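Asks: Here is the input, now give the coordinates:
(2 chains)
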Amino acid sequence: MIVALIGVIALVSVNALFLIWMERKVAAHIQLRPGPMEVGFHGALQTVADAIKLIGKELITPEEVDRPIYLLAPIVIFLPVLVLFLVIPFAPNLIIRDLNVGILLIFAFSSLTVLSILMAGWSSNNKYSVFGAIRSIAQNIAYEIPLLITAMSIILMVGSFKLSAIVAAQDKVWFVVIQPLAFLLYIICATAETNRAPFDIPEAESELVAGFHTEYSGMRFGLFFLAEYTNMFVVSAVATVLFLGGWRGWILPPVVWFLIKVYAIIFLIMWFRWTFPRLRFDQLISFAWKVLIPLAFVNLLVTALAIKLF
Amino acid sequence: MVAYFREMFVGLWSLVAGMAVTIRYFVRPIVTVQYPRQKLTMTPKYRGHIELIMDPETNTHRCTACGMCVRTCPSSLITVEGVKVKKKKLPVKHVIDYSYCSLCGLCVEVCPTKALKFSNEYRLAGYQRQDMVIDLMARLDAERATVGLPPLPIPTPESEEETTSAEEKA
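Replies: Numbers count the residues shown, from 1 in each chain, chains lettered A, B, ... in the order given. Modelled structure (predicted):
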């Protein structure tokens, strides 16, 4: 268990460092720039240098903040992230705990992010932070419903919450072929759940400075950043398990296949960010309630009917 | 109901079209140049400071040290000194103080032998004002060196009295 914990912490840090570098590279190449090039091979060590600088920075606690909540928020956002890795099946034998409620555990614990964003926004005693927190809660509640319903249609087909069972059920064909609409809905909701562009209104920098983490500095801000990129990895890993056949593949070892699929989905999410402009708040909410949730329900109904009939 | 679905599909299609544009840019080669290590060749029309043209036939300059550029320069930053060799005047010194130059180009236009042109030099930075004083004869020698020629011999007058100094820097 200790080994697993150390492994997870190592994976989380390396993944975040890699993803920040990847994000900057993807952004740069879409804009015909080379991106970071100076530190290490093609700027590969740039994020390491940035992280060292971030650790060295002063931890500023503004006056009149709600101290205990203000200090707890970065920890609350980061802890559930570690729990999520408990059930992710990287390979047939590379699961820390193959729980039979695996997918439920992931969705339950990832909802805690909302609580932490509310804590951070409210305790900062800053109007922009509160705005960011309010938006984030409205958004996450709206988008969690279609996310769960689309996951539900897969669970109906498999008949199990166990992630390894979901992967095992895709031995003939990946679920993305049978459920393309569910995959599309899941990717949209996952982008919104991780507060990524074009759904990044909780931290819309052009209107809210930095949203809920405006008042955080140094490594406290670093933890929010780390959690954001780790959440991205988790939602992509869940998408891989639900729709892309998990660790299934040819020739290469299963872990490599799993990581290739996860990073492909992360690339897709980054590609979204550098293509689409940010949605307005009312557009965002009406899109969730008027389009995503009805479609997800229809998809679930059709799936249930098909299972009953065939 | 139809309008609802049409809006959804039109919207989705516009998103796909947008992503097609960005992925095309993603795979396109980058245009940024890593400056100190990579340099672009400057366009021949670029107007840097003036320099002497190396005549492709004689591999030397066409300057006759007449002093027209010196007199025309509104900032009086050109210094030319010439000597008479066999009834022909040749420059021994052609120096500009680039820090006063406004790149008006009057010196290039007025030159009767078309001996001057704008250089392509754009990397101009110095630690002191003296760094902006450019010796055009030395630049010509450097250009001659690139085609494997020795520096121009310093013209020596036939007799001491014939040395003239054409218009010192005012």
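
Asks: And the strands in chain A?
Replies: Assigned strands in chain A: none (criterion: DSSP state E).

Asks: Mind jotting down where the helices sit in it?
Replies: For chain A, the helices defined by DSSP state H cover A:2-30, A:46-55, A:67-84, A:102-110, A:112-123, A:127-158, A:163-168, A:175-178, A:180-193, A:205-208, A:218-243, A:254-273, A:281-287, A:293-309.

Asks: so who does the nearest residue to residue A:222 once chain neighbours are set aside touch?
Replies: For residue A:222, ignoring the flanking residues on the chain, the nearest one in space by C-beta to C-beta, 6 or more residues apart in numbering or on different chains is residue A:54 at 4.8 Å. Where you see a C-beta, it was placed from the backbone N, CA and C, and this is true even at glycine. Counting by C-beta atoms under 8 Å, 6 or more residues apart in numbering or on different chains, residue A:54 touches A:218-219, A:221-222.

Asks: can you pull the pLDDT of the nearest residue in space to residue A:190 that is not next to it in sequence?
Replies: Spatial nearest neighbour of residue A:190, excluding adjacent residues (C-beta to C-beta, 6+ apart): residue A:235 at 4.0 Å. pLDDT recorded at residue A:235 is 89.

Asks: Same check on the one 3 residues further on?
Replies: Predicted confidence (pLDDT) at residue A:238: the value is 89.

Asks: Over to the one 10 residues further on?
Replies: Looking at residue A:248, its pLDDT is 81.

Asks: my read: it touches residue A:168, true?
Replies: No - applying C-beta atoms under 8 Å, one finds residue A:248 not in contact with residue A:168, separated by 9.4 Å.

Asks: helices or strands up against the helix or strand of chain A with the lowest mean pLDDT?
Replies: Lowest mean confidence among the helices and strands of chain A (mean pLDDT, DSSP states H and E): helix A:205-208, at a mean of 72. Counting contacts by 3 or more C-beta pairs under 8 Å, 6 or more residues apart in numbering or on different chains; DSSP states H and E, helix A:205-208 is packed against helix A:127-158.

Asks: buried sites along the helix it packs on?
Replies: Using 16 or more other C-beta atoms under 10 Å in any protein chain shown as the test for burial, helix A:127-158 gives A:128-140, A:142-155, A:157-158.

Asks: Pull the distance from it to the chain's centre.
Replies: On the basis of C-alpha atoms, centre = their mean, to the nearest Å, helix A:127-158 sits 11 Å off its chain's mean C-alpha point.

Asks: what is the mean pLDDT for it?
Replies: 86.

Asks: ok, the closest residue to chain B within chain A - contacts?
Replies: Closest contact between chain A and chain B, by C-beta to the nearest C-beta, is at residue A:275 (4.4 Å). Residue A:275 makes contact with A:30, B:15, B:18-19, B:21-22 under the criterion C-beta under 8 Å, 6+ apart.

Asks: Tell me which two of the residues you listed sit farthest apart.
Replies: A:30 and B:15 (15.4 Å; C-beta to C-beta).

Asks: okay, the two: which has more neighbours?
Replies: The neighbour count for residue A:30 versus residue B:15, taken as other C-beta atoms under 10 Å in any protein chain shown, is higher for residue A:30 (21 against 15).

Asks: just checking, the more buried one touches residue A:274?
Replies: Yes - between residue A:30 and residue A:274 a contact is recorded at 4.5 Å, counting by C-beta under 8 Å.

Asks: Need the residues touching each of the two.
Replies: Counting by C-beta under 8 Å, 6+ apart, the shared contacts of residue A:30 and residue A:274 are residue B:22.

Asks: any low-confidence regions in chain B?
Replies: B:158-170 (pLDDT under 70).

Asks: ditto for the stretch 51-200 of chain A
Replies: For the stretch 51-200 of chain A, no stretch has pLDDT under 70.

Asks: Tell me the residues of it that contact chain B?
Replies: By the rule C-beta under 8 Å from any C-beta of the partner chain, no part of the stretch 51-200 of chain A lies against chain B.

Asks: Can you tell me which of the contacts of residue A:54 are buried?
Replies: Buried by 16+ other C-beta under 10 Å: A:219, A:221-222, out of these.

Asks: picking that back up, which members of the contacts of residue A:275 occur in helices, if any?
Replies: A:30, B:15, B:18-19, B:21-22.

Asks: from the residues you listed, which is closest to residue A:107?
Replies: Closest approach to residue A:107 among those (C-beta to C-beta): residue B:15, at 26.0 Å.

Asks: ok so, going back, ok, the residue nearest to residue A:190 touching residue A:193?
Replies: Yes - between residue A:235 and residue A:193 there is a contact under C-beta under 8 Å: 6.2 Å.

Asks: so how many other residues sit close to residue A:2?
Replies: Residue A:2 has 6 neighbours, counted by other C-beta under 10 Å.

Asks: Kindly list the longest strand within chain B.
Replies: Ranked by residue count and defined by DSSP E, the top strand of chain B is strand B:88-97.

Asks: helices or strands next to whatever helix or strand comes next after that one in the packing?
Replies: Of the helices and strands lying after strand B:88-97 in sequence (DSSP states H and E), the nearest is helix B:106-110. With contacts taken as 3+ C-beta pairs under 8 Å, 6+ apart, helix B:106-110 sits against helix B:68-72, strand B:116-118.

Asks: any idea how far residue A:176 lies from residue A:196?
Replies: Separation of residue A:176 from residue A:196 (C-beta to C-beta, to the nearest Å) stands at 20 Å.

Asks: what's the answer for residue A:235, then?
Replies: Counting by C-beta to C-beta, the gap from residue A:235 to residue A:196 is 9 Å.
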